[in-house]
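Undergrad: Need coordinates for the following:
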Amino acid sequence: MDNAEATRRLHAKKQTLDDAYAAPANFLEIDVINPITHGDPKKRYTDYEVRMRTNLPVFKIKESSVRRRYSDFEWLRSELERDSKIVVPALPGKAIKRQLPFRNDDGIYDEDFIEDRRKALEQFINKIAGHPLAQNERCLHMFLQEPVIDKNYVPGKIRPN
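TA: Now for the predicted structure:
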């Protein structure tokens, strides 16, 4: 084989319109949206809609929508740290200073803060759910797909069919 033959370009197959607009091979989309603050001023909390769409075989349910509080994200993170082999990314901070009294804004219920937290939670859950090892963890499936998280569940792996 001479030099010219060794360095010759491979002929790339031209992409057709069908290829370009076909369903992606594998996708997992998770949005954290629609924050709602509940309760009276003494017992308030904000939760978020966590909406998932996927065609990955490991997820039996292909589309789901659940509501989750910040503490639910904390639960998921601690479960994954304990049971999985992945390095779990950090959550956005607890915002302790925003919870102090005598503020001249709404603290953790301020719209800008809620929006910043929403974006950070969306990045967090997408990093985790995009990890192939995390996708097999029962806690992630429960977090994304079960209306209520059963904190007494038995940790384990999900086996794709």
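
Undergrad: use CA for all of it now, contacts and neighbours both
TA: Fine.

Undergrad: Report the mean confidence score over the helix or strand hosting Asp112.
TA: Using DSSP states H and E, the element containing Asp112 is helix 111-129. Mean pLDDT, helix 111-129: 93.

Undergrad: in it, what's buried?
TA: Counting neighbours by 16 or more other Cα atoms under 10 Å, one finds that the buried residues in helix 111-129 are 114, 117-118, 120-126, 128-129.

Undergrad: just stretch 36-44 next, same as before
TA: Within stretch 36-44, no residue counts as buried by 16+ other Cα under 10 Å.

Undergrad: Equivalent analysis for stretch 70-90, please.
TA: For stretch 70-90, the neighbour count (16+ other Cα under 10 Å) marks 70, 73, 75-77, 79-80, 84, 88 as buried.

Undergrad: Pull the number of nearby residues for the nearest residue to Asp31 once chain neighbours are set aside.
TA: Once flanking residues are discounted, Asp31 sits nearest to Arg51: 5.2 Å by Cα to Cα, 6 or more residues apart in numbering. Residues lying near Arg51 (other Cα atoms under 10 Å) number 17.

Undergrad: Return the distance of Arg51 relative to Leu91.
TA: Arg51 sits 18 Å away from Leu91, going by Cα to Cα, to the nearest Å.

Undergrad: Looking at the helix or strand hosting the residue nearest to Asp31 now, give me its mean pLDDT.
TA: If you go by DSSP H and E, Arg51 is part of strand 45-54. Across strand 45-54, the average pLDDT comes to 96.
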